[in-house]
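**Student:** Quick one: sequence plus predicted model below, questions after.
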Amino acid sequence: MNLEARTVAAMIHIYCRAHHGAAQDLCADCAGLLAYAQERIFKCPFGIDKPVCSQCTVHCYQPEQRERIKVVMRYAGPRMLWRHPLLAIRHLYRSRYFGGRSK
Ligand SMILES: [Zn+2]
């Protein structure tokens with residue numbers, strides 16, 4: 001799995017555990033969202049040099065899934081610093097979370 005796929009998986013796990021009470025496995029909804037997000041990452045036309053999705057110009061997510069993943073990231077993003085500091089810092093650095101546009 002590439003860095004972004006791992007980051008997305010970790011974020012969805014944090015979100016699901018907090019909101020849906022999942023212990024180990026994701027609930028059906030979140031598992032579906034993760035499968036969708038990873039499929040988008042693997043099919044991304046930019047390949048391994050892709051920008052992170054929040055900076056991407058293609059916007060390959062469907063609107064409904066895009067809204068869901070945004071909610072997950074808004075919740076899990078700050079919490080990633082505690083659970084997965086290395087992933088989080090690399091992700092934040094690449095998405096310029098601290099200095100850039102935060103839509
Ligand atoms: Zn869930």
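**Tutor:** Perfect, thanks for sending it. Numbers count the residues shown, from 1 in each chain.
**Student:** what helix or strand is residue 23 on?
**Tutor:** Here residue 23 sits in a region with no helix or strand, counting by DSSP states H and E.
**Student:** which one is it nearest to, not counting chain neighbours?
**Tutor:** Closest residue in space to residue 23, ignoring its immediate chain neighbours: residue 17 at 7.4 Å, by CB to CB, 6 or more residues apart in numbering. C-betas here are computed from N, CA, C, even on glycine.
**Student:** Point out the other helices and strands that the helix or strand where the one you found lies packs with.
**Tutor:** For residue 17, the enclosing helix or strand under DSSP H and E is helix 3-20. Where contact means 3 or more CB pairs under 8 Å, 6 or more residues apart in numbering; DSSP states H and E, helix 3-20 is packed against helix 28-42, helix 63-83, helix 85-95.
**Student:** give me that answer again for 6 Å
**Tutor:** helix 28-42, helix 63-83 (3 or more CB pairs under 6 Å, 6 or more residues apart in numbering; DSSP states H and E).
**Student:** what is the mean pLDDT for it?
**Tutor:** Helix 3-20 carries an average pLDDT of 90.
**Student:** Any idea how many residues pack against residue 30?
**Tutor:** Applying other CB atoms under 10 Å, we find 20 residues neighbouring residue 30.
**Student:** which residues touch the closest residue to it other than its chain neighbours?
**Tutor:** Nearest in space to residue 30, with sequence neighbours left out and distances taken as CB to CB, 6+ apart, is residue 16 at 4.1 Å. For residue 16, the contact set (CB atoms under 6 Å, 6 or more residues apart in numbering) comprises 22, 26, 27, 30.
**Student:** Buried by neighbour count, from these: which ones?
**Tutor:** Neighbour counting over those (16 or more other CB atoms under 10 Å) leaves 22, 26, 30 as the buried ones.
**Student:** Look up phi and psi at the first one.
**Tutor:** It refers to residue 22. phi -70, psi 130 (degrees, to the nearest 10).
**Student:** And it, how close does it get to the ion?
**Tutor:** 6 Å (CB to the ion, to the nearest Å).
**Student:** With adjacent residues omitted, what lies nearest to that residue?
**Tutor:** residue 16 (4.4 Å).
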